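Participant: could you work out the structure for the sequence below:
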Amino acid sequence: MDSKEAVLHVSALSTQCTFESLRDDSDLIASGRYLGKSDPILVIPVFGGIDAAMYFTDYF
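Facilitator: Have a look, this model is predicted:
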């Protein structure tokens, strides 16, 4: 499926963002609960090797 929709990520930590502006401009507002996180996992890509490795953490 081709989508021509533009997606923009905005952080609430930005001084230019207010809760009200994020709420008013949102198509969807979700509520959740933080339960914990996994230990970090080091992922080494096939191309780039150890120099391109990154840690990833799952949050649930």
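Participant: C-alpha only now, for contacts and for neighbours.
Facilitator: Fine.
Participant: what about the nearest residue to residue 44 once chain neighbours are set aside, neighbour count?
Facilitator: Once flanking residues are discounted, residue 44 sits nearest to residue 53: 4.4 Å by CA to CA, 6 or more residues apart in numbering. Neighbourhood size, residue 53 [other CA atoms under 10 Å]: 14.
Participant: for residue 36, grab the count of nearby residues.
Facilitator: Neighbours of residue 36 using other CA under 10 Å come to 9.
Participant: identify the residues contacting it.
Facilitator: 59-60 (CA atoms under 8 Å, 6 or more residues apart in numbering).
Participant: ok, it to residue 57 distance?
Facilitator: As judged by CA to CA, to the nearest Å, residue 36 and residue 57 stand 10 Å apart.
Participant: so residue 50, which state does it fall into?
Facilitator: Following DSSP: H, G, I helix; E, B strand; the rest coil, the label given to residue 50 is helix.
Participant: my read: it touches residue 42, true?
Facilitator: No. The criterion here is CA atoms under 8 Å, and residue 50 misses it with residue 42 at 9.7 Å.
Participant: which neighbours do those two share?
Facilitator: Contacts common to residue 50 and residue 42, judged by CA under 8 Å, 6+ apart, are absent.
Participant: so which residues of this structure form helices?
Facilitator: Secondary structure of the chain (DSSP state H): helices at 19-25.
Participant: hey, C-alpha coordinates of the helix or strand bottoming out on mean pLDDT in it in PDB?
Facilitator: Within the chain, no helix or strand scores below helix 19-25, which has a mean of 81 by mean pLDDT, DSSP states H and E. Taking Å, rounded to 0.1, in the frame of the first residue of the first chain, the C-alpha atoms of helix 19-25 are listed here in PDB:
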ATOM      1  CA  PHE A  19       0.200  19.900  26.000                       C
ATOM      2  CA  GLU A  20      -2.700  21.800  24.400                       C
ATOM      3  CA  SER A  21      -1.000  22.200  21.000                       C
ATOM      4  CA  LEU A  22      -0.100  18.500  20.900                       C
ATOM      5  CA  ARG A  23      -3.600  17.500  22.000                       C
ATOM      6  CA  ASP A  24      -5.300  19.800  19.500                       C
ATOM      7  CA  ASP A  25      -3.100  18.700  16.600                       C
END
